[in-house]
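Novice: just a sequence and a predicted model for now, questions to come.
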Amino acid sequence: MTITKPNRRDMLFMAAAAPALGLPARQAQAEISAPDAAQPAYHRFRVGEARITIVSDGYLGVPASGLGVNADPREVAAFLKAHYLSQTQSYAHTNHAVIDLNDARILVDVGAGNRFLPTEGRLMDNLASAGIDPSSITHVVITHAHPDHIWGIRDDFDEPILPDAEYIIGAAEYDWWMAPGRVLQLPERLQQFGAGAVNSLKTEGLEWTMARDGHEVAPGVRLMATFGHTPGHMSVMVESNDNRLLVLGDSMTHAYISIERPEWVAGFDMEPELTVKTRKRLLEMAASERIAVVGYHFPFPGVGHVMPVDGGYRFIPALWRWEA
């Protein structure tokens, strides 16, 4: 399995640690200001009998040059402008799904903790705001080992942040990151990511359940192999009373580019050709079978549907309802 060597635009994207700065002045008329006060950082809904809570870990602000790295930059810029998005900064939410079904309470990914960007690491506080006791979480699914999904696995004393849960990861994902010499095989700018992945996976006191395609986390919740973004990336399918929700993880990283231009890859997509193949498979399935989706980096709460349109697809956010 080869490792994609990033180009200069990729490096700019991967090395970024500055928060998004908003739209350039000439596009100010399209910008909506930040809220005047704190906003709710969780959202609840149901899928059949499954209760889903989307809980935020914060956001990422990175250069937009990391989007569509295999496309003409002018075309990417035009696409972003047409969608009222900044052509210089990409603002990405981090939406964690908590799945309550029968006797299981499943958290998908553990966020970045305080080891990555200062705009992240809010998951535990927001779980508390949502009234979710961390000790009540029975399972933790890790979709993949990138920093914003796994670095929050340990507290400041390097102990598991949820010590009593069962931790589940794709066997292919675990094996890839833990291969001897893996960190030094990565491009220099990615070696910190590799070391962080290894340290997280080796957290003392954790025993990993190694999963393969179709693994049942709990009745009604199973894993799907969605390789490409990373070599062993997994997504999560929730099924209850003939209703389904697909928790995408990073199999699609942008609510508009990943869906409307699935052939465009991002700087963090480690196997570009497989990323595109997986993405197109998921889009066809979600659209034809009318499966709801939640995207980790989609605009909060990231929940909606994939609609077929003109030979392609479009993301339709789910209707936000106030009544129970």
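Specialist: On my side now, so go ahead.
Novice: who's in contact with Trp151?
Specialist: Residues in contact with Trp151, defined by C-beta atoms under 8 Å, 6 or more residues apart in numbering, are 111-113, 115-116, 196, 200. No exception for glycine: its C-beta is placed from N, CA and C like everyone else's.
Novice: if you set the cut-off to 6 Å instead, what comes out?
Specialist: Neighbouring residues of Trp151 by C-beta atoms under 6 Å, 6 or more residues apart in numbering: 112-113, 115-116, 196, 200.
Novice: mean confidence (pLDDT) on the lengthiest helix in the chain, please.
Specialist: Secondary structure of the chain read by DSSP state H shows that its longest helix is helix 272-288. On average, the pLDDT along helix 272-288 is 98.
Novice: cool, stretch 127-147 as well?
Specialist: Mean predicted lDDT for stretch 127-147 stands at 97.
Novice: give me the three-state assignment for Phe315.
Specialist: Of the three states, Phe315 takes strand under DSSP: H, G, I helix; E, B strand; the rest coil.
Novice: likewise Tyr59?
Specialist: Per three-state DSSP, Tyr59 ends up strand.
Novice: for His93, see how far away it is.
Specialist: 5 Å (C-beta to C-beta, to the nearest Å).
Novice: list the buried residues in the helix or strand following the longest helix of the chain.
Specialist: The helix or strand immediately downstream of helix 272-288 is strand 292-294, counting by DSSP states H and E. By neighbour count on 16 or more other C-beta atoms under 10 Å, the buried set for strand 292-294 is 292-294.
Novice: for stretch 144-161, same thing?
Specialist: Buried residues in stretch 144-161 (16+ other C-beta under 10 Å): 144-154, 160-161.
Novice: chain center to that stretch, what's the gap?
Specialist: 15 Å (C-alpha atoms, centre = their mean, to the nearest Å).
Novice: equivalent analysis for stretch 83-96, please.
Specialist: That offset, for stretch 83-96, works out to 13 Å (C-alpha atoms, centre = their mean).
Novice: how long is that stretch end to end?
Specialist: Stretch 83-96 has an end-to-end distance of 25 Å (C-alpha to C-alpha, to the nearest Å).
Novice: pull the residues that contact that stretch.
Specialist: 20-21, 23, 30, 54-55, 57-62, 64, 67, 77, 80, 108-109, 148, 256, 296-297, 300-302.
Novice: what's the helix or strand for the residue nearest to Gly121 when sequence neighbours are not counted?
Specialist: Distances taken as C-beta to C-beta, 6 or more residues apart in numbering put Asn114 closest to Gly121, at 4.7 Å, once the chain neighbours are dropped. Per DSSP H and E: Asn114 is located in neither a helix nor a strand.
Novice: what's the neighbour count on Asn114?
Specialist: Here the number of neighbours of Asn114 (other C-beta atoms under 10 Å) works out to 13.
Novice: could you do Tyr174 as well?
Specialist: For Tyr174, using other C-beta under 10 Å, the count is 18.
Novice: check contacts around Met224.
Specialist: Taking C-beta under 6 Å, 6+ apart as the test, what Met224 contacts is 235, 237.
Novice: helix or strand: which one has it?
Specialist: strand 221-225.
Novice: ditto for Ala195
Specialist: Using DSSP H and E, Ala195 falls in helix 191-201.
Novice: now for that helix, which elements pack on it?
Specialist: Applying 3 or more C-beta pairs under 6 Å, 6 or more residues apart in numbering; DSSP states H and E, one finds that helix 191-201 contacts helix 147-150, helix 182-185.
Novice: so what touches the first one?
Specialist: Contacts to helix 147-150, defined as C-beta under 6 Å, 6+ apart, come from residues 94, 109, 112, 116, 142-143, 193, 196, 200.
Novice: that older thread, what average pLDDT does the strand holding Met224 get?
Specialist: Rounded mean pLDDT across strand 221-225 is 98.
Novice: for stretch 239-255, same thing?
Specialist: 97.
Novice: how far away from the center of its chain is it?
Specialist: 11 Å.
Novice: same check on stretch 158-172?
Specialist: 17 Å.
Novice: is Pro272 in contact with Val265, as I believe?
Specialist: Yes: if you go by C-beta atoms under 6 Å, Pro272 and Val265 touch, sitting 4.4 Å apart.
Novice: the more surrounded of the two?
Specialist: In terms of neighbours (other C-beta under 10 Å), Val265 is the more surrounded of Pro272 and Val265; the figures are 29 against 17.
Novice: and the gap between the closest residue to Ile291 other than its chain neighbours and Pro40?
Specialist: Leaving aside its sequence neighbours, Ile291 sits nearest to Arg244 (C-beta to C-beta, 6+ apart; 4.6 Å). Computed as C-beta to C-beta, the Arg244 to Pro40 distance reads 26 Å.
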